[in-house]
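S.K.: Sequence first, predicted model second:
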Amino acid sequence: MKPLTAILIGAGARGAHSYAPYALDYPHELKFVAVAESNPLRREKFAQAHGLPPERCYASWEQLLEEPRLADIAIICTQDRMHYEPTLQALAAKYHVLLEKPMSPSPKECVEMEQAARENDRLLTICHVLRYTPFWSAMKRLIREGRIGEVVSVQLNENVGYWHMAHSFVRGNWRNREASSPMILAKSCHDMDILSWLVDKPCVRVSSFGSLMHFHAAHAPDGATDYCIDGCPAEPTCPYSAPRFYLGEGKSWARHFTEELTRENIVRGLKETNYGRCVYKCDNDVVDHQVVNMEFEGGATAIFSMSGFTRHQERIVQIMGTRGELRGSEGRITLLDFVTHEETVIAIPEQTSGHGGGDSGIMRSFLHEVRHYGGGESLTSASASVRSHLMAFAAEESRLRQGQSIELDTYYKQWVRA
């Protein structure tokens, strides 16, 4: 059995460090044959790691996709607003495509990508990696087995973590809706997808509330400087101090603004990049907390809460059924039975790959689906992802309309017509 071949478009954190290492760990399954990356240092590092010749290293995805089809698979990990065009071109060139989430900040583009995959008879799998983790797979299995009866309601909390909030959504690439995506899509489309998957019925309506409550100029301390490292008097006691983040325990996260993690490079980044800016003086506009209420076909309901003000980065879930309930967090699931009152604890072993084992899990599954492709769809196909993406889009529209309920069927038809 020969390894499948792949091209990578976007050799950043997700592409180069989350998905591509699978080819190094399992070279008998996958081999990269080309890369497109605008950053020359990232491009060179990826080429060295995967043994790519110079003629197969491209500065843009356009250059790469101008070539005749080079591989079986295209893995696309560009920024949110750079997904649509390379995905359509890769599908038209008959690549099976693994696409980083979210599909696109545009509902219309999401629907068009789904249609393009169908028209070209190719897989378009979206990286909703949580479905591939042992934790969420066990949750789904217990529901499918009928262990809690029919699902009636779900409560899901996404604790983003105060440091992750500041890093990615105040200072980082996902801080601004126009530059990337709304928070509910950029961060929480994972959660919309998981809720859609667990309930396994169409969502019929949503409403949502949330705001950018804290990270804006009105909360800047007296005398705060534009950059933390420029002698800000509040820096020593500020929870969001950039020097504390990137020169201390969060040093590895500095790879988002420097390829070489030397003290000199990090200090330079704290002076010259957005990652060193005061969190109250950035151009961020995405929410720092949000709740979403959902009703599904048949009457089941779900409540989702995202907060950037938590010590830990974690998800906590409670699934309530007619015969029992499931509770889960941090690799531990508790099944409570209404008849026997027994509590069964399922411990999920710590995973070595990112997202609780989801990063390697989706790669393994996707390669199997490509190898045995017969016209079917993957676990996180574009059609499944469009459904959960539209839940996120509708939630954001509701939030902007001060919580007005949005009907999903009407909302979906609006974009199909468009």
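M.R.: That came through fine. Residues are numbered from 1 along each chain as shown.
S.K.: With residue 349 as the reference, measure out to residue 367.
M.R.: To residue 349, residue 367 is 23 Å away according to C-beta to C-beta, to the nearest Å. Placement of C-beta: from N, CA and C, glycine included.
S.K.: for residue 70, that is, sorry about that
M.R.: Following C-beta to C-beta, the distance that separates residue 70 from residue 349 is 38 Å.
S.K.: Residue 367 and residue 349: who's more crowded?
M.R.: Higher neighbour count among residue 367 and residue 349: residue 367, with 22 against 8, using other C-beta atoms under 10 Å.
S.K.: Residue 77 versus the most centrally placed residue in the chain, what's the distance?
M.R.: Residue closest to the average C-alpha location in the chain (C-alpha atoms, centre = their mean): residue 101, at 5.0 Å. Using C-beta to C-beta, residue 101 is found at 10 Å from residue 77.
S.K.: for residue 287, same thing?
M.R.: Counting by C-beta to C-beta, the gap from residue 287 to residue 77 is 25 Å.
S.K.: again, but for residue 374
M.R.: As for residue 374, its distance to residue 77 is 27 Å (criterion: C-beta to C-beta).
S.K.: between the two, which one's more packed in?
M.R.: More crowded of residue 374 and residue 77, by other C-beta under 10 Å: residue 77, with 24 against 5.
S.K.: Might one say that the more buried one is in contact with residue 9?
M.R.: Yes. Counting by C-beta atoms under 8 Å, residue 77 touches residue 9, with 6.9 Å between them.
S.K.: overlap in contacts of the two?
M.R.: Here residue 77 and residue 9 share the contacting residues residue 15, scored by C-beta atoms under 8 Å, 6 or more residues apart in numbering.
S.K.: Contact partners for the residue nearest to the centre of the chain?
M.R.: For residue 101, the contact set (C-beta under 8 Å, 6+ apart) comprises 126-128, 189-190, 385.
S.K.: Can you tell me which of these end up in helices?
M.R.: Among the contacts of residue 101, the members found in helices (DSSP state H) are 189-190, 385.
S.K.: quick one: which of those has the most company?
M.R.: In the ones in helices among the contacts of residue 101, the most neighbours by other C-beta under 10 Å go to residue 385, 27 neighbours.
S.K.: sorry, back to before: please report the distance of the residue nearest to the centre of the chain from residue 117.
M.R.: Remark: distance between residue 101 and residue 117 (C-beta to C-beta) = 15 Å.
S.K.: before we move on, what about residue 305?
M.R.: The value you get for residue 305 to residue 117, if C-beta to C-beta is used, is 33 Å.
S.K.: Looking at those two, which has the bigger crowd around it?
M.R.: Set side by side, residue 305 and residue 117 show more neighbours around residue 117, with 23 against 17, by other C-beta under 10 Å.
S.K.: The closest residue to that one other than its chain neighbours: what's it in contact with?
M.R.: Residue nearest to residue 117 in three dimensions, not counting chain neighbours: residue 124, with 3.6 Å by C-beta to C-beta, 6 or more residues apart in numbering. Counting by C-beta under 8 Å, 6+ apart, residue 124 makes contact with 87, 91, 96-97, 99, 113-114, 116-117, 381-382.
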